[in-house]
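Participant: return atomic coordinates for the entry below.
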Amino acid sequence: MPKTYRAKLKKKPDLIGLARQHPRSFPALLASNTKNTKTGRYSILFARSKSTIKAFNQTQLNQLLNKINQKIQKCSTDDLPFYSGWFLYFAYESVAQ
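Facilitator: Below is the predicted model:
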């Protein structure tokens, strides 16, 4: 299981700036900009992945989804809102398949 590090921050970090400065280390950011404390509490900055899997047709997509289902781990028991996970990007053209 990967190590988890925690620190109390004095101010909200600039996740967009961090992702922009280090795109290879942080390839994706899901930023929450809403003021709603129930639905907009968390932004997720994805760190460098250990692997990349690509699918170019429906058969490969099905195989990809099966691999993901096999690798999903149960969440840690601590109080982190998210732990590990996947970032999936589907190109606009994939809608037609």
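
Participant: list the buried residues in the lengthiest helix in the chain.
Facilitator: Across the chain, the helix with the greatest residue count (assigned by DSSP state H) is helix 58-71. Residues of helix 58-71 include none that count as buried (16 or more other CB atoms under 10 Å). (Glycine included, C-beta is placed from N, CA and C.)

Participant: ok, stretch 44-59 next?
Facilitator: 45, 55.

Participant: return that stretch as CSV; C-alpha atoms alone will do.
Facilitator: Output in CSV follows, covering the C-alpha atoms of stretch 44-59 (Å, rounded to 0.1, in the frame of the first residue of the first chain):
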residue,chain,number,x,y,z
ILE,A,44,-8.1,16.1,-6.9
LEU,A,45,-4.5,16.5,-8.2
PHE,A,46,-3.4,13.2,-9.8
ALA,A,47,0.2,12.4,-9.3
ARG,A,48,2.4,10.6,-11.8
SER,A,49,1.0,7.2,-12.7
LYS,A,50,2.7,3.9,-12.4
SER,A,51,1.3,2.8,-15.7
THR,A,52,-0.7,4.0,-18.7
ILE,A,53,-3.2,1.8,-20.6
LYS,A,54,-4.7,2.9,-23.9
ALA,A,55,-7.7,1.6,-25.8
PHE,A,56,-8.4,2.3,-29.4
ASN,A,57,-11.6,0.3,-30.1
GLN,A,58,-14.5,-1.3,-28.2
THR,A,59,-12.7,-4.6,-27.6
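
Participant: separation between residue 47 and residue 28?
Facilitator: Going from residue 47 to residue 28 by CB to CB, to the nearest Å gives 9 Å.

Participant: spit out the residues that contact the two alike.
Facilitator: Counting by CB atoms under 8 Å, 6 or more residues apart in numbering, residue 47 and residue 28 have no common neighbour.

Participant: in this protein, what secondary structure element scores lowest on mean pLDDT?
Facilitator: helix 58-71 (a mean of 81; mean pLDDT, DSSP states H and E).
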